[in-house]
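1. Sharing a sequence plus its predicted fold:
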Amino acid sequence: MKAELAKLAREALATSEFKQFGDALSTQALPESFGVLTDSALMTKIAVQLRDGDPMHWITRARTWDASLYHPSIAFDAADNLLHLLWQDLSTRLARKVDAVAHRTPLAARGAVLCFFGRAQFSIVVEYTRSGGGAVSLRPLAALADPNGVFELSNLLDGATPEIRNAVKNAAMSVDKLVFQRGSIVHVDRQREDVFGPTIDTVILGELVAEWLDTKTRESKVVALEIGPGSGLLSVLLGSSDCVRALIAVDLNDAAVTCTLKNLKINDITLDAKHQRVRVRAEKFDPAQLVDQFDFIVCNPPYIPDVPDAVESTSPSMKEYDRAVGGLDLCLEILGNLPELLAPKGVLLLMTSSVSDREVMACLPDGFEASPALGADGRRVPLDVDVVWRRQEWRDWLLSGGRIERDERGGLWHRLRPFWVKRKEG
Amino acid sequence: MDRLGTYALMLRFRDLVTEPGGNIAEHRRIIRQRGYAWWGWWARQREKVPRSVFEQLFAAGAAPIEIILFDSGMMRLYRTLSRQAVIAPSHLGVNSPDFEATPEYYVRGRYPAWFRLEDDIVPIEPLVPRIVARPTTDPSFSDLGYEVQGLPVDLDVLRDEGPTLWVIMSTGGDNECRS
C-alpha cells in the first residue's frame, strides 16, 4: 500500500496534479500518510524542489501546516502541495482520534501526540489544543528521524526555538501519553493508570504487526493472541483489522487490562459480549486456559535475563531488579507451549533483545524456526532500565558478553531483535 | 465609502446545519468575543477557486474588502469586512486557520477558502447588487479592471444561479437596516 501511495506521490510531484494522490490518501483503510516520505526516490525529488535535504524540516515548516499563511498570493510548488496534503490527511485523522480520546477519558486541554511512520523510521510530535467547544487544532512541533524512544526529550530540545522547547517540555510533563500509529491512537494517563504505555519496542512491533496484516485478506479470518498487551496498542491494531476474526489479549496486570479495554473503545473496536470477537482477560498467561490455536501470536515480554549465578548478589537492589524486569520466564513459557498454541500455518512475533536473544533462541522447540524481523542487526536503542545501570557487576557482565554497548557519554545501548517464529516447512 | 475598495465579495449561504439564523449568530458571537471570525467558503463541486481575483482583492496594504453574505434561504443580506483570506493549496481544501475563531458546527471542515471577518455582521436593506464577475464559474475571468460598473441583478435571479460567490460593486456601507 505504501509503495502504491509513494508511486502516486511521485507522479503528482512530476505533473503537479494532486487529485489522484489526495483521493488515495483520504480513502486508505490503514493510513500511511507521512510514511511515504521513507520512499527514497520521492525524498530526492522533494529535496531538489525545496532545496533542503532534511525531511524532518519539511514536516515542521510553517508552509506544511499553518493555514493562516496561505495568502492568495503565495505560490505553492508541487513539493509544498504534497507536504500540505500529507499534513491535511494526518491532522484530520488525528483530530478525530483526539476527539475520541476526550470523549472516553479526561484529557488535558493541551498536550502532544507522538506519531510514528515508516518502520518507526521517524516520529512527529504533534501538539494538540482543544478549543472551548472541544474542537482539536494541531501543529507539528518536531520531527525526528530514527527515534530511539517514543519521546526523546534531549533530541527534541536540541536546536529547538524557545517556543518549541516550551511546548515540548509541556508535552513531556503532561499526564496524558498519546501514541498514534497506523491510524490508531492509544492513551495512557500516567498519573492514574499503573501502565507505562507504548515504548519504542511496542511501536516497532506495531509496524511488524501491520505489515503482516497487510499480507492478509478479509477471507483470512485470523485468530490472534496478544500476551501482555499493556496499554493495548498492538491489540488495537489487530482488532482494527478486517482480517482478524478473533482476538484474545491476556495480561496479568488489571490496570493494563482496563487500559487496553479503554483504548479498544477509543478506536471504535466493539467489545460485544455476544459475539466476543475481541476478548481481554485479566489473568496470568496460562496456555492450558486457551482452547484455541492461533494463527498469530504477538508478545513483547520482559527480555532482561535472570542474574547468572556467577554475578549473583545479595544486595537488596537485586530484588528490585527482579521485580522490574522479570526475567525470561514468560518468553520461555510461550516458546515451550508453542506446538499447542500455534496453528499449523501460524506465526509468533516475539520481541527479544541482544541482552538475551541467544538464551531465548536456544529454547526454540523442535520443529520450529526463527527469522529476524528487522535483519540480523536489529535496532539499536538505549537500555532504559535503571536497575541495570546501577548494578555494576551485572552491567559489566552484559558489556563483556557484547550483549549491550556503551557510548562515549556512558549511555548503555542494546539491540531490539524481534523474531518471527513458525513451524519448519516440510 | 472611502475606506472601502471598489469591489465587494458576495457569498451565498444557507442555514443547513444550524437553526435559522444560526450561521450569522455564531459568527457574530465570535466576532464580539475575539474581534474576528473565520468564514469558510463552502463552494460547489464545479466551482473553481479564483485565486488571482482573491489575490487582487486581498493584496497587501489594500483597503478592507466589503463582504456581503447572502442568505439564499431567507433572502436576507448581511454586511461585514475582511482583510485576510486563506486559500487551500489543493482541491482537498484546508482547515480553518484558527479553530477558536470558527463556529463549532463546521470547525472540522475543509474548505477551498476562509475569510477573516473583522467587523460586526449587520443586516442590510435588500438591494440589487451590481455583478462584476462570476469568477468561480467563468474560468476566463481573472482581472478586475476599474472601468467595470457591473450589471444589476435581482437577488431572486442570483438565488437560481450556479455560483456561490460573486464579485460585486461595493455597496458603500450606508445601507444598514434601520430597524
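-> Looks like it came in fine. Nothing here was measured: the structure is a model prediction, and the numbers come from that model. Residues are numbered from 1 along each chain as shown, chains lettered A, B, ... in the order given.
2. in what helix or strand does residue 26 lie?
-> Using chain A. helix A:19-27 (DSSP states H and E).
3. Oops, wrong one, chain B.
-> Using DSSP H and E, B:Glu26 falls in helix B:22-34.
4. now swap in B:Thr136 and tell me
-> Counting by DSSP H and E, B:Thr136 is found in no helix or strand.
5. Kindly report the same for A:Ser371.
-> Going by DSSP H and E, A:Ser371 is part of strand A:368-372.
6. packing partners for the very next helix or strand once past that strand?
-> Next in sequence after strand A:368-372, counting helices and strands by DSSP H and E, comes strand A:379-382. With contacts defined as 3 or more C-beta pairs under 8 Å, 6 or more residues apart in numbering or on different chains; DSSP states H and E, strand A:379-382 has these neighbours: helix A:200-214, strand A:412-416. Quick note: C-beta positions are derived from backbone N, CA and C, even for glycine.
7. Adding distance to chain B and mean pLDDT, write those out as JSON lines.
-> Converted to JSON lines, the helices and strands packed on strand A:379-382 look like this (distance: least, C-beta to the nearest C-beta, whole Å; pLDDT from 0 to 100):
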{"stretch": "helix A:200-214", "distance to chain B": "25", "mean pLDDT": "94"}
{"stretch": "strand A:412-416", "distance to chain B": "37", "mean pLDDT": "94"}
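8. Dump those to CSV, plus mean neighbour count.
-> Compiled in CSV, those are given as follows (neighbours: other C-beta atoms under 10 Å in any protein chain shown):
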stretch, mean neighbour count
helix A:200-214, 21
strand A:412-416, 20
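9. So for A:Val236, which of the ones you listed sits nearest?
-> helix A:200-214 (9.0 Å; C-beta to C-beta).
10. okay, the angle between the closest one and strand A:412-416?
-> 10 degrees (axes from the mean of the first three to the mean of the last three C-alpha atoms, to 10 degrees).
11. which helices and strands sit right next to the helix or strand following helix A:200-214?
-> Reading on from helix A:200-214 to the C-terminus, the next helix or strand found by DSSP H and E is strand A:222-227. Counting contacts by 3+ C-beta pairs under 8 Å, 6+ apart, strand A:222-227 is packed against helix A:233-239, strand A:244-251, strand A:294-299.
12. Quick one: closest of these to A:Val385.
-> The nearest among these, by C-beta to C-beta, is strand A:294-299 at 18.3 Å.
13. What mean pLDDT does that closest one get?
-> For strand A:294-299, mean pLDDT rounds to 98.
14. nearest residue to residue 49 other than its sequence neighbours?
-> Looking at chain A here, since you left the chain open. Excluding its sequence neighbours, the residue lying closest to A:Gln49 (C-beta to C-beta, 6 or more residues apart in numbering or on different chains) is A:Ala79, at 3.8 Å.
15. ah, I was thinking of chain B
-> B:Pro112 (4.8 Å).
16. any idea how far the one you found is from chain A?
-> As judged by C-beta to the nearest C-beta, to the nearest Å, B:Pro112 and chain A stand 11 Å apart.
17. Please give me every residue in contact with that residue.
-> B:41, B:43, B:47, B:49, B:87-88, B:91, B:93-94 (C-beta atoms under 8 Å, 6 or more residues apart in numbering or on different chains).
18. Can you select the buried ones from these in ChimeraX?
-> Applying 16 or more other C-beta atoms under 10 Å in any protein chain shown to the contacts of B:Pro112 leaves a buried subset, and the ChimeraX line that selects it is:
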select /B:41,43,47,49,87,88,93,94
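19. how close does the residue nearest to A:Gly149 when sequence neighbours are not counted sit to A:Ala95?
-> Spatial nearest neighbour of A:Gly149, chain neighbours left out: A:Ile200 (5.1 Å); criterion: C-beta to C-beta, 6+ apart. Distance of A:Ile200 to A:Ala95, computed by C-beta to C-beta, to the nearest Å: 25 Å.
20. Kindly report the same for B:Phe141.
-> Counting by C-beta to C-beta - B:Phe141 and A:Ala95 are separated by 36 Å.
21. and if you look at A:Phe294?
-> A:Phe294 is 35 Å from A:Ala95, by C-beta to C-beta.
22. go on, A:Lys169?
-> Counting by C-beta to C-beta - A:Lys169 and A:Ala95 are separated by 23 Å.
23. Among the two, which residue is more densely surrounded?
-> Set side by side, A:Lys169 and A:Ala95 show more neighbours around A:Ala95, with 21 against 14, by other C-beta atoms under 10 Å in any protein chain shown.
24. quick one: that one and B:Gly109 touch, right?
-> No - the criterion here is C-beta atoms under 8 Å, and A:Ala95 misses it with B:Gly109 at 11.3 Å.
25. Just give the nearest non-adjacent residue to A:Val381, would you?
-> Closest to A:Val381 by C-beta to C-beta, 6+ apart is A:Asn148, at 5.0 Å.
26. my guess is that neighbour meets A:Ile200, correct?
-> Yes - judged on C-beta under 8 Å, A:Asn148 makes contact with A:Ile200 at a distance of 6.6 Å.
27. tally of neighbours for B:His17?
-> For residue B:17 the amino acid is Val, not His. With other C-beta under 10 Å as criterion, B:Val17 counts 11.
28. is it fair to say it lies in a strand?
-> No - assessed by DSSP: H, G, I helix; E, B strand; the rest coil, B:Val17 does not belong to a strand; its assignment is coil.
29. ok, for it, nearest residue in space, not its chain neighbours?
-> B:Tyr105 is the one closest to B:Val17 (C-beta to C-beta, 6+ apart), at 5.3 Å.
30. ok, that neighbour - contacts?
-> For B:Tyr105, the contact set (C-beta under 8 Å, 6+ apart) comprises B:17-18, B:22, B:26.
31. now those: which count as buried?
-> B:Glu26.
32. Can you tell me which of the contacts of B:Tyr105 is closest to chain A?
-> B:Glu26 (10.3 Å; C-beta to the nearest C-beta).
33. Isn't the closest one up against B:Pro103?
-> Yes - with contacts defined as C-beta under 8 Å, B:Glu26 counts as touching B:Pro103 at a distance of 3.8 Å.
34. which bits of chain A sit near chain B?
-> A:18-19, A:22, A:26, A:66-73, A:76, A:80-81, A:84-85, A:88, A:91-92, A:95, A:129, A:131-137 (C-beta under 8 Å from any C-beta of the partner chain).
35. Where does the stretch 201-350 of chain A get nearest to chain B, which residue?
-> Closest point on the stretch 201-350 of chain A to chain B, by C-beta to the nearest C-beta, is A:Asp268, at 17.0 Å.
36. Could you report the distance from that residue to B:Thr18?
-> A:Asp268 is 27 Å from B:Thr18, by C-beta to C-beta.
37. next one: B:Gln84
-> Going from B:Gln84 to B:Thr18 by C-beta to C-beta gives 24 Å.
38. same check, this time on A:Ala67
-> 23 Å.
39. Also B:Gly162?
-> 24 Å.
40. what's the answer for B:Leu9, then?
-> 22 Å.
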